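Asker: Sharing a model that was predicted from the sequence below.
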Amino acid sequence: QVQLVESGGGLVQAGGSLRLSCAASGLTFGSYTMGWFRQAPGKEREFVAAINWSGNTAYSAESLKGRFTISRANAKNTVYLQMNSLKPEDTAVYYCAAKSSGFLWGTTYDHWGQGTQVTVSS
């Protein structure tokens, strides 16, 4: 059974930073593309970033480039999202996801976590 468990969310002031983690189990982690998505209240889920199986190629939403960075540690079965210069509009539930195939920028994923809340106060 595949499990993706996010952690690291919380309340932070605008301009601050957070690092989200997603621990994966039940899958061959090093074979999967990993992604981060977010969903703000009343809005559709949106793509944040993705990283390929080896970690040598990453793709981020254009609007978030320069502030958000995705990385992974295959030895730890974990993917990270470093978020800097946070803004109130970054407030959302953040989800990690895994897929075994497809383009890096594709948004169809096989497995999803339960999400972690990030709240940015002004």
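Answerer: That came through fine.
Asker: So for the lowest-mean-pLDDT helix or strand in the chain, what gets flagged as buried?
Answerer: One helix or strand of the chain scores below all others by mean pLDDT, DSSP states H and E: strand 58-60, with a mean of 93. Across strand 58-60, burial judged by 16 or more other C-beta atoms under 10 Å covers 59-60. The C-beta positions use only the backbone N, C-alpha and C, and glycine is treated the same way.
Asker: Relative to the whole chain's centre, how far out is it?
Answerer: 11 Å (C-alpha atoms, centre = their mean, to the nearest Å).
Asker: How about stretch 26-37?
Answerer: 11 Å.
Asker: Grab the nearest non-local neighbour of V93.
Answerer: Excluding its sequence neighbours, the residue lying closest to V93 (C-beta to C-beta, 6 or more residues apart in numbering) is G115, at 4.2 Å.
Asker: check contacts around the one you found.
Answerer: 6, 39, 93-95 (C-beta atoms under 8 Å, 6 or more residues apart in numbering).
Asker: what's the spacing between it and F103?
Answerer: 24 Å (C-beta to C-beta, to the nearest Å).
Asker: from the contacts of G115, which single one is nearest G30?
Answerer: E6 (19.4 Å; C-beta to C-beta).
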